[in-house]
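K.L.:
Could you look at this predicted model? Sequence included:
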Amino acid sequence: MRRVKIEDIGSFVSVDAPRISPRGDKVAFVVGRTLVHEDRYESNIWIFDRENKALKQLTGGGNDYNPVWSPSGDKILFLSNRGDKKIGIWSIDSEGKGEASLVLTKEGRISQPSWSPDGESILFLSRPINKEDVKEIKKIPFWIDGQEFTYHSAVQVFSVNILTRQESQLTNVDMDVQGATFSNDGKKIAYIVSANKKNPLSYDARVMDFNGKNVKTIASGFMYDGPMYPVWSPNDEHILLQASRFEKGFASHSNLWLIPVKGGEPRNLTDELELNIGNSLYCDIRNPHSYGPQGPVWEGDHIYFHVSEGGSVKLARLDMRRDKIEIVAGGDIGINKFAIKGNCVIFSGGTDIDPLEVWESKDGKKRLTHFNDSITDDLRIVPPERFAFKASDGEEIEGWFMKPVDFDRGKRYPAVLWIHGGPKSKFGYGFMYEFQLFASSGYGVVYLNPRGSDGYTENFADIRKHYGERDYKDIMEALDWIEGNCSWIDPERIGVTGISYGGFMTNWIITQTNRFAAAVSEDGIADWITMFGMTDIGFFFSKDAVGGDPWDSLDKYLAKSPLFKADQVTTPTMFIHSIDDYRCGIDQSIQFYTALSYLEKESKLLLFPEGGHIFGWTGRPTLRVKRLERILAWFNEYLQAKELEN
């Protein structure tokens, strides 16, 4: 067995997005690979036959994803940019007979294709591409991370006839449609649309006839941080949403809401549940097409959904007859996507030592695929060790540490502490290749879920207007615990790093303490004022995080901005940012680096040409490799080299 190397970013396989055939006898799923030497990703659709336990590759286009079974089960719809490189909707015989045929292609993005119940039409979402050289902008947000400029048009609902290929635009809204689905009888379409210009994540639920007429708003004021998928009840009398009422802003937990189609008050089906419904678990080896949330599934008398508990993401279901929630697949696991058909429960899941594979939940959990066995058998995978401690205010904080490969109790090692983004996301039982790389490179690895994280109560997650306070204390008290219980870690050689909110917290930490020997801040926030005006979410997220607008709460914005404490920094810090990051703009790292450089403090700025906010996970493979090389080199210089000096 050997150590994990940087090149192993291309060794792992992403096995995800399972979909069950109408008869329940087959499972379609996506197999994604990172081809470092070709600087691209590959994804194809595979089939698992549940009856004869056979696996076969169905498509070979190289960028095929989002499989959807036809109602009859004889065809599978999927998205691909094969051919002229535009994203298109394709159809293929589910037995693999013949070649895939193109249904439709468009300039711009296509998402969420689905069949009509009669199999004659396909529903999908799309936004026309913008080709103007001069941008005449009259609305915000005018760009979205990963989508570039979006001011010119909104995402609309379209349909296309599978036989005639005739396309129809069914909506003409001013703000983006987030999700759309056919009713079970095929006569109506439910869709979710952004409805608040000052908070585009506030949505309306609407219903219209299949031809786009007789539009009716059936509920308003729901919020979710991502696409929302309306789910029809079996009798078409209700719409189900996974969403919140935004009572605690971005710290709010999502619940399952039942909305009468004919009018009436929405009902919260899970108000007794203290945990969040959704999946915010970190896992850095997913294929780029695997990101994004999954909505609930209503099958018969049960509604299936994610439950975020501690470091795990479990699959639960609500029994509508008994009004009872039970765990279908649990334990120390991270469940990503799932599909239900009758009593058949299929999901993609992994752990902190096992990459994503496809599983079946039947008399326990049974693995159906083993794409990653050869690489995990060949590598020296370090199992993380969980720890927990009581914070100074009495709250329990959960974290994990990893020992270096070839650990020797008689030696002391450098370590790196990671801080996740969000802040309402979390670490836990998701496979992190990056952590394994650092353990193989001679580092201890420490990560935790401080206040603000998902997986616990809403109050635990609610740090609005108090960034850098209780969350900072949790991180520093975790460091105290580590230094007191892991004598093998050298307290003089500990680094800190994080992305997004984790980048903000890294920036904040270096203005508050000199306990860290080096820092790497990625795609973070340094100045809440420019965050408000320069980013796709700034004008509503900053108001929620800091409190108020910059012009009436300037003192708060200044107090919470690490940039204005730059003179207090003593930690050597490297800033990493993607030039096309519209979530936490490039100006954040540039400003902080400029300040530190002006003050003649040890610092470095790395600008990557493309990839958006999370380019370290979904950007071009060669850029991901260069990022890891630079981070390792920075920590080696300030942490490993210290051992030689000492």
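P.N.:
Ah, there it is.

K.L.:
quick one: low-confidence parts of the stretch 151-300 of the chain?
P.N.:
Regions of the stretch 151-300 of the chain meeting the criterion pLDDT under 70 cover residues 226-227, 292.

K.L.:
What ranges does it have for its strands?
P.N.:
Using DSSP state E, counting those that start in this stretch, the strands of the stretch 151-300 of the chain run over residues 156-161, 167-169, 177-182, 188-194, 202-209, 216-223, 231-232, 238-243, 255-260, 267-268, 297-299.

K.L.:
Present these as CSV; the columns should include mean neighbour count.
P.N.:
Heads up, the C-betas are built off the backbone N, CA and C, glycines and all. CSV is the format used below for the strands of the stretch 151-300 of the chain (neighbours: other CB atoms under 10 Å):
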stretch, mean neighbour count
strand 156-161, 20
strand 167-169, 13
strand 177-182, 23
strand 188-194, 24
strand 202-209, 22
strand 216-223, 17
strand 231-232, 20
strand 238-243, 25
strand 255-260, 20
strand 267-268, 13
strand 297-299, 19
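
K.L.:
right, and the ones you listed - which one's nearest P18?
P.N.:
Closest to P18 of these, according to CB to CB: strand 297-299, at 11.7 Å.

K.L.:
Including distance to G24, could the strands of the stretch 151-300 of the chain go into CSV?
P.N.:
Below are those laid out as CSV (distance: least, CB to CB, whole Å):
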stretch, distance to G24
strand 156-161, 27
strand 167-169, 32
strand 177-182, 20
strand 188-194, 25
strand 202-209, 29
strand 216-223, 32
strand 231-232, 19
strand 238-243, 22
strand 255-260, 24
strand 267-268, 31
strand 297-299, 11
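
K.L.:
how about those, which one is nearest N485?
P.N.:
For those, the distance to N485 is smallest for strand 255-260, at 37.6 Å, taking CB to CB.

K.L.:
my read: F427 touches Y282, true?
P.N.:
Yes: with contacts counted by CB atoms under 8 Å, F427 reaches Y282, the gap being 5.4 Å.

K.L.:
Now list whatever residues contact both of those two.
P.N.:
Common contacts of F427 and Y282 (CB atoms under 8 Å, 6 or more residues apart in numbering): H420.

K.L.:
so is the closest residue to P71 other than its chain neighbours in a helix, a strand, or just coil?
P.N.:
Among residues not flanking P71 along the chain, G119 sits closest, at 4.6 Å (CB to CB, 6 or more residues apart in numbering). Look at G119: counting by DSSP: H, G, I helix; E, B strand; the rest coil, its state is coil.

K.L.:
G119 reaches G73, doesn't it?
P.N.:
No: between G119 and G73 there is no contact under CB under 8 Å: 9.9 Å.

K.L.:
if I look at the two, which residues touch both of them?
P.N.:
Common neighbours of G119 and G73 (CB under 8 Å, 6+ apart) do not exist.

K.L.:
quick one: buried residues of stretch 626-641?
P.N.:
The neighbour-count check on stretch 626-641 (16 or more other CB atoms under 10 Å) flags 627-628, 630-632, 634-635, 638-640 as buried.

K.L.:
Tell me how far K248 lies from D471.
P.N.:
Shown here: K248 relative to D471, a distance of 15 Å by CB to CB, to the nearest Å.

K.L.:
quick one on the thing from earlier: for the residue nearest to P71, the count of nearby residues, please.
P.N.:
Other residues near G119 come to 15 when the count uses other CB atoms under 10 Å.

K.L.:
what's the answer for E274, then?
P.N.:
Using other CB under 10 Å, E274 has 13 neighbouring residues.

K.L.:
State the number of residues packed around the closest residue to it other than its chain neighbours.
P.N.:
Of all residues not flanking E274 in the chain, T457 sits nearest, at 5.3 Å (CB to CB, 6+ apart). By other CB under 10 Å, 13 other residues sit near T457.

K.L.:
Renumber starting at 45 from here on
P.N.:
Done: numbering now begins at 45, and the last item shifts to T501.
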